[in-house]
Structures are given as structure tokens and as C-alpha cells.
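Engineer: Following is a predicted model, sequence given first.
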Number of protein chains: 2
Amino acid sequence: MTQPKFENHYTDMRNLNWSAEEKAIARKAFDRALQQELQEVIEKTKKLSAKITGPDDLWKLESYLKHRREEIDRDYDYRYSVLPIVFGRLIREGRLNEQDLQGLGEDKLFYIRQITRL
Amino acid sequence: MTQPKFENHYTDMRNLNWSAEEKAIARKAFDRALQQELQEVIEKTKKLSAKITGPDDLWKLESYLKHRREEIDRDYDYRYSVLPIVFGRLIREGRLNEQDLQGLGEDKLFYIRQITRL
């Protein structure tokens, strides 16, 4: 198989075909990373909240929650056209590893690894 | 003294003269109500936070904080031109009573009572 050129990765990624099995693997890995990240926000929120002593701490907590919600909304984008980028980032951040994506085709892993190495 | 007509209350209120003593009384009452309201939000935040079990509770807390911050920003307006409205509302809500404003001139109390009775 000829490796696709990375320059055209966005167009090529959109044309990848995901089998039902690959979709199940992807969904499971995606949900696992998302749940873990949400759990971290919940734990940090409880810690920050317990330490509130005045209005500054209160509005800092609001700002933290808004910021994290926006980041999570932006980062966890389950469109197949961008999923290799999402997984590449999650691996780079240590939230997933390649084992979690075992069963995805080499065509998807190629793009994921490119992003991981960025 | 002729009682001012309530219809013109906004224009008339803006023309009230606040003595240094009245300003001190107003500031003390205003700050007391504000601190008390902020303390309520802090206590509720700690309670809500302790009960978070998942993302729905998390983003409900963010929404609660945003809503309360906006309400407090809107309601605690320390311009002398609107202060009688602010105090009238705080008395109506049980956050202050007229004793807290003892020492304000009858010209201010007139407007405050009009709002209290709304």
C-alpha cells in the first residue's frame, strides 16, 4: 500500500472508511478518555470548592468550569473526518495509548501517529 | 415638605443630595447585604459541589455560578442615582430592614419605601 502524503491529510482523512468494528473501537476509546477527563474536572471542582473563602475564589471556580467546558467541547469532536486528529492528540497528551486503538486499520493509525508525533 | 410625586421618582432620585454621613450609612448597609448574599452563594456552591456525581451536575454548577454572578452584578449597583431602588429591593427581599438605613434623610427613605411596597 502506498502511504498517503501527509500534506493532503485532511482531505484523505475525510475519505477513510470506518468499518462497524472500527467504529465500536473508536467509540469505546473516545468515551473512555472523555469520561476520564470529566472525572478529573469533577475532582478538581470539589477541591477548589472546598477551599473557597471569598468571592474571588468563587468566580475563579466559575471561570475554571467555563474554560474546561469549552476546551472539552472543542477537543472531543466525534466526527470520523477529524477523529484521527482527536486520537492523535489524546495519545500525545497521555490520555490514550495505541493499545486502546488496537483493531483500527493502518490507514487510520497512519494519521493518528502523524499527529502524535507533532 | 411636599412629598415628591412618585411618577417622577427617577429624575428626582438623581437629584438627591447625600451627606457624608448618609453615604457612610449607605455603604455599610450595601456592603453588609452584598457580603451576606455572596456568603449564601459560597455555601450553596460548596453544597452543590459536594453532591456532583457526573457532568450534568458539573455544568449545572457552572450555570448556577454564572447566573448568580450576573444577578449580583446587576442588583448591587452603588450609584447614588439608583441606590434608593437598590435599598428598596433589598428590604423587600428581607436582606436589609429599615433599621439598617437609620440616619438616611426622609427624602431618601420616601423613595426606598415606595420600592419596598411595590
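Structural biologist: Received it, and whenever you're ready, just let me know what you need. Residues are numbered from 1 along each chain as shown, chains lettered A, B, ... in the order given.
Engineer: list the contacts for A:Ile85?
Structural biologist: The contact partners of A:Ile85, taken as C-beta atoms under 8 Å, 6 or more residues apart in numbering or on different chains, are A:Met13, A:Tyr111, A:Ile115. Just so you know, the C-beta spots here come from the backbone N, C-alpha and C atoms, and that holds for glycine as well.
Engineer: Name the secondary structure element that contains it.
Structural biologist: A:Ile85 belongs to helix A:83-92 when assigned by DSSP states H and E.
Engineer: and the helix or strand following that helix, how far out from the chain's middle?
Structural biologist: Using DSSP H and E, the helix or strand that follows helix A:83-92 in sequence is helix A:106-116. With C-alpha atoms, centre = their mean, to the nearest Å as the basis, helix A:106-116 stands 14 Å off its chain's centre.
Engineer: buried residues in the helix holding A:Ile85?
Structural biologist: A:Leu83, A:Pro84, A:Ile85, A:Val86, A:Phe87, A:Gly88, A:Arg89, A:Leu90, A:Ile91 (16 or more other C-beta atoms under 10 Å in any protein chain shown).
Engineer: For those residues, give me JSON lines that also has pLDDT.
Structural biologist: Below are the buried residues of helix A:83-92 laid out as JSON lines (pLDDT from 0 to 100):
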{"residue": "A:Leu83", "pLDDT": "96"}
{"residue": "A:Pro84", "pLDDT": "95"}
{"residue": "A:Ile85", "pLDDT": "95"}
{"residue": "A:Val86", "pLDDT": "97"}
{"residue": "A:Phe87", "pLDDT": "98"}
{"residue": "A:Gly88", "pLDDT": "97"}
{"residue": "A:Arg89", "pLDDT": "96"}
{"residue": "A:Leu90", "pLDDT": "97"}
{"residue": "A:Ile91", "pLDDT": "97"}
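Engineer: Using CSV, lay out those together with distance to B:Leu96.
Structural biologist: As requested, the buried residues of helix A:83-92 are exported to CSV (distance: C-beta to C-beta, whole Å):
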residue, distance to B:Leu96
A:Leu83, 57
A:Pro84, 60
A:Ile85, 56
A:Val86, 53
A:Phe87, 57
A:Gly88, 58
A:Arg89, 53
A:Leu90, 53
A:Ile91, 57
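Engineer: Noted, bye for now.
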